[in-house]
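Q: Have a look at this prediction, sequence included:
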Amino acid sequence: EVQLVESGGGLVQPGRSLKLSCLASGFTFSNYGMNWIRQAPGKGLEWVASISSSSSYIYYADTVKGRFTISRDNAKNTLYLQMTSLRSEDTALYYCARGTEVMDAWGQGASVTVSS
Amino acid sequence: DIQMTQSPASLSASLGETVTIECRASEDIYNGLAWYQQKPGKSPQLLIYNANSLHTGVPSRFSGSGSGTQYSLKINSLQSEDVASYFCQQYYDYPYTFGAGTKLELK
């Protein structure tokens, strides 16, 4: 069974940093591109970043470019999102999702709240 | 960036009814479109990809169609378990963009 389990969320002050992790199991992680998508409370879905299977290709939304870094460790079956200079508008549930274009498996999400 | 305009924002329908949700792209996305279902308190789940291909395990009452800039998701014979929000997503080009969503409720 494909499983994606996010961790690392929490309450953080504006301007601080936080690192999310997504542990994958049930499939060959190194064969798949991965994504981070977020959902602000009561709002829709916003694509945040994507990384190819070998980390050769990385893309970011303009809203996070220069502040967030997506990475992966295929030996540990883990996807990461390093978030710096956090803002209140980054408050959201952060999902990791499998796929290069179409996202066919999603985690349960990690909640990030940016507030003083 | 490619803008995705989804309609309606909300929809109320009766059991057994057929419902249609539309998504319009700001430019041709060449069938690079997926539909997702998100039940309350749950993660999104893939329904349709490549505009009209049914994802594994998705009931056949769901179908997708369209081309160019206009796409739609149809649910035949609405069931109670279909109460959810539905989102379209274009993956023709980065940045990937989602429609604002359609909240489907039972009448």
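A: Yep, it's here. Numbers count the residues shown, from 1 in each chain, chains lettered A, B, ... in the order given.

Q: CA only for contacts and neighbour counts going forward, please
A: Noted.

Q: Quick check: the closest residue to residue A:90 other than its chain neighbours vs residue A:40, distance?
A: Excluding the flanking residues, the one nearest residue A:90 by Cα to Cα, 6 or more residues apart in numbering or on different chains is residue A:114, at 6.7 Å. Remark: distance between residue A:114 and residue A:40 (Cα to Cα, to the nearest Å) = 11 Å.

Q: okay, and the common contacts of these two?
A: A:90-91 (Cα atoms under 8 Å, 6 or more residues apart in numbering or on different chains).

Q: For burial, what's the neighbour tally of the residue nearest to residue A:90?
A: Neighbourhood size, residue A:114 [other Cα atoms under 10 Å in any protein chain shown]: 19.

Q: On the strand side of things, show who the spatially most central residue of chain B bridges to.
A: Nearest to the geometric centre of chain B sits residue B:35, at 3.9 Å (Cα atoms, centre = their mean). Listed beta-bridge partners, residue B:35: residue B:48, residue B:88 (assigned using DSSP bridges).

Q: which residues does it contact?
A: Neighbour list for residue B:35: B:46-49, B:51, B:73, B:86-89 [criterion: Cα under 8 Å, 6+ apart].

Q: so what's the most centrally placed residue in chain A scoring on pLDDT?
A: Geometric centre of chain A, nearest residue: residue A:36, 3.3 Å, by Cα atoms, centre = their mean. As summarised for this prediction, residue A:36 has a pLDDT of 98.

Q: again, but for residue A:85
A: With respect to pLDDT, residue A:85 has a value of 98.

Q: Tell me, how many residues neighbour it?
A: Residues within reach of residue A:85, counting by other Cα under 10 Å, total 15.

Q: do residue A:26 as well
A: 9.

Q: these two touch, right, residue B:103 and residue B:82?
A: No. At 10.4 Å, residue B:103 and residue B:82 do not qualify as touching, with contact defined as Cα atoms under 8 Å.

Q: For the residue nearest to the centre of chain A, which non-adjacent residue is spatially closest?
A: residue A:96 (4.6 Å).

Q: Strands of chain B, residue ranges please.
A: With DSSP state E, the ranges of strands along chain B come out as B:4-7, B:10-13, B:19-25, B:33-38, B:45-49, B:53-54, B:62-67, B:70-75, B:84-90, B:97-98, B:102-106.

Q: could those strands go into a markdown table alongside distance to residue A:78 and mean pLDDT?
A: What follows is the strands of chain B, written out as a markdown table (distance: least, Cα to Cα, whole Å; pLDDT from 0 to 100):
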| stretch | distance to residue A:78 | mean pLDDT |
| --- | --- | --- |
| strand B:4-7 | 31 | 98 |
| strand B:10-13 | 37 | 97 |
| strand B:19-25 | 33 | 98 |
| strand B:33-38 | 24 | 98 |
| strand B:45-49 | 21 | 98 |
| strand B:53-54 | 29 | 98 |
| strand B:62-67 | 33 | 98 |
| strand B:70-75 | 34 | 98 |
| strand B:84-90 | 25 | 98 |
| strand B:97-98 | 25 | 98 |
| strand B:102-106 | 32 | 97 |
